[in-house]
Every structure is written in structure tokens, then in C-alpha cells.
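> quick one, fold the following:
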Amino acid sequence: MPEFETLINPPQEYFEEIIRLSGESDNWSVQLGDYKYRTKVYDEYWLFVTVEKESKDVVSSITLARWDAEDGPLYSIGLYYCAPKYRGQGHARPLFKRVMDIIGDNNAFLAGNYKITEKYAMDYGFDKTPNHWHMCSTIKCSDVKIPDTVSENYETKKWSDVNCTRWTEYDRSICDRERRKIMTSWMAMSATFGRVVFDKSSGKIVGYGVFRIVTRNKLSPAPFYADNLEAAGVLLKDILNMIPKWEGYASFSLMYAECNQDALRLLEHFAKDKDMVSTCRLYRSQFTKKFIETPSEKVYAPVECAHQFV
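Residues are numbered from 1 along each chain as shown. Down below sits the predicted model:
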């Protein structure tokens, strides 16, 4: 009879094994540097991994981050995973209970897969939600055709060339929690391409976006914000053009509230044919104590599904 143990913040190779397994079974993609990044930018971060004692095979995992602010901490749950050969044996649920014990009476967030949102709400109290789902629209890079002209009304600059105070002010219009450290560290990671889009006539910032090269040879827009579709088109065009040989990557996806159909229109505008964009229902933002509002019409993709709600 095999025995199991749970490791807390184990070495990097365990994280990489989780990413390999979840990529093969569920098509999840991240940067391998995300583990180290999260331990540095959050006020506290846990990676729990259950392994088989003798073989050290990864069985299940979960992550928890604590993000402090003036109105108190916000906890977030991610990477809740069980390797296929161990599913249905009760290995993952104890990890979820463990992080809920840490969270206690504080507010917490997760991106609940559409198949099990009700379970998270009924069993764990994640019942503060928006009325909409988050959708995922995907396009293969080989099916993308960048338009010759998108708009003459907007222009972009590399994020590192933009005054940090101005950029942070725009970010606060998207996320009302202060996250300069979180976002500047995110955008400074390797294989990451970020730009800020401006209204030419006023000089006002009207959005910013980041594309990351992630596992499984994919690109990941994370985040992608724009005040309108026209600005979003300029931003997407300029970011793609700064990624070397972007056509050689497999695909990229936008994850957006279903009330923001401009996200789908954006991909269709960049597709060789509209039918080349595939769309599915993905998740719902779920909180335990207080739902945090966001301007969904400006959000074409969040930072990530694990530890950021926008």
C-alpha cells in the first residue's frame, strides 16, 4: 500500500513536474519562473504538493497567496490539480481544506472552472460572483494576419519607457488594490513583452498589455486592457510585432467577461478568417466574503487565473 506525504514550498523541480503533468492532461501553460516570482511579490505564498513517499511522484497540488492591502488581506487559490492516475482517490480535497483553514474568515478568490463553480460555492463559501462567465477565445498563431493599418488615433510605447506613476494610475482604474510591485516584477520577467497604448490627441493612457512566452510553445496575453476596441487593435498589433518570430508559436487566447464581446471582435479582426477563432466558457470569478468589482468592458485578459482577479 503506497504512502503519501505533503510538501510545503518544495524545490523548483516539483513545480516543474506539476506544470509538465497539468500541461499534458489539461493544457495548462505558465512560465517556469512563476513559482519564484510569486514567492517574492506576495506577502505570503504557499505551494502544497502531495507526493508518493517512495517514488516521489507528484500526486496533487494547490497554491495559496496572501496579498495585503489597507482593507485587509486577500487570499487567492491556484494550481489546484491532481495527476490523472490518482484522480478519484481523495488526494486533492485535503489540500483544499488545508488552504481554507489558513484563509479562515478572510476574503478569498479563485477562478472556478465552469463545471464546478457550484461546488466551490456550496462546499467552501465562494458564493460572491458576478452575473457573467469568463469566456476563452483562442486563435492559432498561424491563423493570424496582422492588419496593415489598425488606427491612426493611438500609439504605443514599451512599458519600461512610460512614467511609472502614470502607468500605475491607469492600473488602479482597472484594479482598485495597489499592485505596483506585483505588476512591475511581472512585466520585467524574461520572455515577456509589454506595451502601453496612448490616445495621440490627449496623451492619455488608454490601456496596456503584456504577452508572455509560456510552456507548450504558446503565447499568453496576461494582462490585456484597453478602453476601446480601436486602442486594443493598436496594442495587439504592436505587441505581436515586438515578439521575435511570433508566427512560430502555437496559439494565444483571450479570457474575458462574456459582456465584453470586443475581445472576440479583436481576435476576429486579426484572424485570416473569423471561423479560425474558437470560443468556450471557461470560469467564473468567485469570492468568499466580498465580491471585488472590475471594469469588465476594458479587460480582454487578466494577469492570470491563479492569483489575480483581473
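> burial of Asn27, as a residue count?
9 (other C-beta atoms under 10 Å). Glycine gets a C-beta too; all of them are placed from N, C-alpha and C.
> over to Phe126?
The burial count for Phe126: 24, using other C-beta under 10 Å.
> pull the contacting residues for it.
The neighbours of Phe126, taking C-beta atoms under 8 Å, 6 or more residues apart in numbering as the test, are 108, 110, 112, 117, 120, 286-288.
> which of these fall within helices?
Members of the contacts of Phe126 lying in helices (criterion: DSSP state H): 117, 120.
> tell me which two in the contacts of Phe126 are the farthest apart.
In the contacts of Phe126, two members sit farther apart than any others by C-beta to C-beta. They are Ala108 and Thr117, at 14.6 Å.
> these two: which is more packed in?
Neighbours per residue, other C-beta under 10 Å: of Ala108 and Thr117, the larger number sits with Ala108, 25 against 20.
> next up, the contacts around the more buried one.
Ala108 sits next to 74-77, 100, 126, 287-289 when contact means C-beta under 8 Å, 6+ apart.
> ok, it to Asp71 distance?
As defined by C-beta to C-beta, to the nearest Å, Ala108 lies at a distance of 14 Å from Asp71.
> how about the strands in the stretch 201-310 of the chain?
Using DSSP state E, counting those that start in this stretch, the strands assigned to the stretch 201-310 of the chain run over residues 205-214, 218-226, 251-257, 278-287, 299-301.
> which residues in the stretch 101-250 of the chain form helices?
Taking DSSP state H, counting those that start in this stretch, the helices of the stretch 101-250 of the chain run over residues 117-124, 164-174, 180-187, 229-242.
> list the contacts of the first one.
With contact meaning C-beta under 8 Å, 6+ apart, helix 117-124 is reached by 96, 100, 110, 112, 126-127, 129, 283-284, 286, 288.
> out of these, which is most surrounded?
The most crowded member of the contacts of helix 117-124 is Leu110, carrying 27 neighbours; neighbours defined as other C-beta under 10 Å.
> save the helices of the stretch 101-250 of the chain as JSON lines, and put in mean pLDDT and distance to Gly90 too.
Conversion of those to JSON lines gives the following (pLDDT from 0 to 100; distance: least, C-beta to C-beta, whole Å):
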{"stretch": "helix 117-124", "mean pLDDT": "96", "distance to Gly90": "14"}
{"stretch": "helix 164-174", "mean pLDDT": "96", "distance to Gly90": "39"}
{"stretch": "helix 180-187", "mean pLDDT": "96", "distance to Gly90": "34"}
{"stretch": "helix 229-242", "mean pLDDT": "99", "distance to Gly90": "44"}
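> out of the ones you listed, which is the most enclosed?
helix 229-242 (a mean of 21; mean count of other C-beta atoms under 10 Å).
> how about residues contacting that one?
With contact meaning C-beta under 8 Å, 6+ apart, helix 229-242 is reached by 144, 146-147, 150-151, 153-156, 158, 193-195, 197, 199, 206-211, 224, 226, 246, 262, 265-266, 269-270, 300.
> before we move on, the earlier item: name the nearest of the contacts of Phe126 relative to Gln89.
Tyr120 (20.5 Å).
> excluding its backbone neighbours, what's nearest the closest one?
Phe126 (4.2 Å; C-beta to C-beta, 6 or more residues apart in numbering).
> ok, now Trp246?
According to C-beta to C-beta, 6+ apart, the nearest residue to Trp246 is Leu240 (5.2 Å).
> from Leu266, how far out is the one you found?
Going from Leu240 to Leu266 by C-beta to C-beta gives 12 Å.
> same thing with Asp71?
With distances defined as C-beta to C-beta, the gap from Asp71 to Leu266 amounts to 33 Å.
> between the two, who's got more neighbours?
Ranked by neighbour count (other C-beta under 10 Å), Asp71 and Leu266 place Leu266 first, with 24 against 11.
> dump the residue contacts of that one.
In this structure, Leu266 makes contact with 229, 232-233, 236, 254, 300, judged by C-beta under 8 Å, 6+ apart.
> Arg180: which of the residues you listed is nearest?
Comparing the contacts of Leu266 against Arg180 with C-beta to C-beta picks out Tyr300 as the nearest, at 21.5 Å.
> what's the burial count for the closest one?
For Tyr300, the number of neighbouring residues by other C-beta under 10 Å comes to 27.
> ditto for the one 3 residues further on
In terms of burial, Val303 registers 21 neighbours under the definition other C-beta under 10 Å.
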